[in-house]
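*Asks:* Dropping the sequence and predicted coords here.
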Amino acid sequence: MTARVFAPLPRIFSRTFRETAPATWIRHREDGTTASDDLVVIFNASSDVADADGISMRFGVPVASCAMADALKLEPGRAGKPNEIFRIDGRDELVIGGTAYDVESCSSDGYGMLTITLKG
């Protein structure tokens, strides 16, 4: 019961407290087909990425965030491992503001949000 009550919170927070950007999630599937769907993301074109020790290692890295539920509506078959919803082997890309970005990494924050580090 409690989990059901709090399940929509990541989507509510992301749409209420942050400015969202329209994106297109292009997925090249293993069977040779390609899918392209709109996905609402929170986009930061230039952020600092820190390592586990808290020392900033890279500057100006584009990062997108989205609700895990939004991504799983488009790709329900990737529900097993949250950190692998966005593929990092060159098969997934996000087009944001007319610029195509390859996915470098995907991580879940444990609260229903995904952080996608991009490379352009």
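*Replies:* Good, I have the coordinates. Numbers count the residues shown, from 1 in each chain.
*Asks:* Could you pull up the residues touching Phe43?
*Replies:* By Cβ atoms under 8 Å, 6 or more residues apart in numbering, Phe43 lies in contact with Ala21, Ala23, Pro62, Val63, Ala64, Ile96, Gly97. Backbone N, C-alpha and C define where each C-beta goes, glycine included.
*Asks:* how about 10 Å then?
*Replies:* 18-23, 62-66, 94, 96-97, 101, 116, 118 (Cβ atoms under 10 Å, 6 or more residues apart in numbering).
*Asks:* Apart from its chain neighbours, what residue comes closest to it?
*Replies:* For Phe43, the nearest residue in space outside its immediate sequence neighbours is Ala21; the separation is 4.2 Å by Cβ to Cβ, 6 or more residues apart in numbering.
*Asks:* quick one: strands adjacent to the longest strand along the chain?
*Replies:* Secondary structure of the chain read by DSSP state E shows that its longest strand is strand 34-50. Sheet partners assigned to strand 34-50 using DSSP bridges are listed as strand 21-28 (antiparallel), strand 56-67 (antiparallel).
*Asks:* tell me which residues in it are buried?
*Replies:* Buried residues in strand 34-50, defined by neighbour count with 16 or more other Cβ atoms under 10 Å: Leu39, Val41, Ile42, Phe43, Asn44, Ala45, Ser47.
*Asks:* Thank you kindly, that will do.
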